[in-house]
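> how does the following fold in three dimensions:
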Amino acid sequence: MIPALLIWAAAATNPPPIDGTLLYVGDACYTIPASQNGGKSVGNILRRVERLDDKRLMITVASRFNGGPLLTSRMEVAFPSLRPIRTIEETDGKISLTVSYGDTDAQATVTGEDGLPQTSAAPLPGPVWDEETTEFVLTAMPLADGAHFELPVFHFGRGVSTTNIDVRRTIQADGFGGGPIAAWEIDASTRTDMTITFLVAKADRRLLAIEVGGVRSILGGDCSELIK
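Residues are numbered from 1 along each chain as shown. The predicted model follows:
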């Protein structure tokens, strides 16, 4: 525990530069290809980034898999730093978690199956980014082949941690229409020692694909039923 906290403290003292103006704004739909599930798509994920005003963005992630519940996360972040302001998580339209970020702590309200809210707080010993926004934040970093970043992150249920982000190489990505796209292949190592691989277009910072645990979701598909 102590070494992990020391690593986090080092990352929080010298966080990577984040430029939110590089973040791709708009809607993007992702699908797990049918070939990975015996000919049937597992489901879809909608990622939406929209400007609220000149100081805030709203990041929304909505997903449904195998006919299960609609899961939605709405993350209000500061612009251009992308530091968290508030996160709301919903299941089938019902709020299950609300987290509000301050300078020194994060306050959460958890609503259980009984419908009763419980409020608690967790200290923040330094600057953090919401762990759920990592896939957006990394696209706003000064990416270059071989670059390494250490991002201090926080998740209310798991506490503080450091995500290691490594830009492996540039590749020519096929399968996105209009010919090959120059893209960075990026690995992010999480608190569980699981590595997530991201494919980010160099021209406009679009997130093209994500692969984790052998399952790959790619840009494309129909997310019209996930969000209005």
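> quick check, central residue of the protein?
Central residue of the chain (C-alpha atoms, centre = their mean): residue 133, 3.1 Å from the mean position.
> for that residue, which three-state class applies?
helix (DSSP: H, G, I helix; E, B strand; the rest coil).
> gap between the spatially closest residue to residue 46 that is not a sequence neighbour and residue 62?
Excluding the flanking residues, the one nearest residue 46 by C-beta to C-beta, 6 or more residues apart in numbering is residue 223, at 3.9 Å. To be clear about C-beta, it is placed using only N, CA and C from the backbone, and glycine gets the same treatment. According to C-beta to C-beta, to the nearest Å, residue 223 and residue 62 sit 7 Å apart.
> spit out the residues that contact the two alike.
45, 46 (C-beta atoms under 8 Å, 6 or more residues apart in numbering).
> hang on, isn't the residue nearest to the centre of the chain packed against residue 82?
Yes. Residue 133 is in contact with residue 82 according to C-beta atoms under 8 Å; the separation is 6.6 Å.
> I'd like the distance between the residue nearest to residue 46 and residue 45.
On the measure of C-beta to C-beta, residue 223 and residue 45 end up 7 Å apart.
> common neighbours of these two, please.
Listed as contacting both residue 223 and residue 45 by C-beta under 8 Å, 6+ apart are 29, 30, 62.
> may I have the phi/psi pair for the first one?
Think residue 29. Phi and psi for residue 29, reported as degrees, to the nearest 10, are phi -110, psi 140.
> residues contacting it?
By C-beta under 8 Å, 6+ apart, the residues touching residue 29 are 44, 45, 46, 219, 220, 221, 222, 223.
> got the buried residues for the top strand by length along the chain?
For the chain, the longest strand by residue count, based on DSSP state E, is strand 159-173. By 16 or more other C-beta atoms under 10 Å, the buried positions in strand 159-173 come out as 159, 160, 161, 162, 163, 165, 167, 173.
> which one of these is nearest to residue 58?
Closest approach to residue 58 among the buried residues of strand 159-173 (C-beta to C-beta): residue 163, at 22.0 Å.
> secondary structure element for the nearest residue to the closest one once chain neighbours are set aside?
Spatial nearest neighbour of residue 163, chain neighbours left out: residue 151 (4.6 Å); criterion: C-beta to C-beta, 6+ apart. Using DSSP states H and E, residue 151 sits in strand 148-155.
> what packs against that strand?
Packing partners of strand 148-155 (3 or more C-beta pairs under 8 Å, 6 or more residues apart in numbering; DSSP states H and E): helix 2-13, strand 129-130, helix 134-137, strand 159-173.
> for that strand, C-alpha coordinates in PDB please.
What follows is strand 148-155, C-alpha atoms only, in PDB (Å, rounded to 0.1, in the frame of the first residue of the first chain):
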ATOM      1  CA  HIS A 148       5.000   7.900 -21.100                       C
ATOM      2  CA  PHE A 149       2.600   9.500 -18.700                       C
ATOM      3  CA  GLU A 150       1.500   8.800 -15.100                       C
ATOM      4  CA  LEU A 151      -2.100  10.000 -14.500                       C
ATOM      5  CA  PRO A 152      -3.300  10.300 -10.800                       C
ATOM      6  CA  VAL A 153      -6.900   9.000 -10.800                       C
ATOM      7  CA  PHE A 154      -9.700   8.500  -8.300                       C
ATOM      8  CA  HIS A 155     -12.700   6.200  -8.100                       C
END
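> contact partners of that strand?
7-8, 10-12, 15-16, 84, 106, 122, 124, 126-132, 134, 137-138, 141, 160-167.
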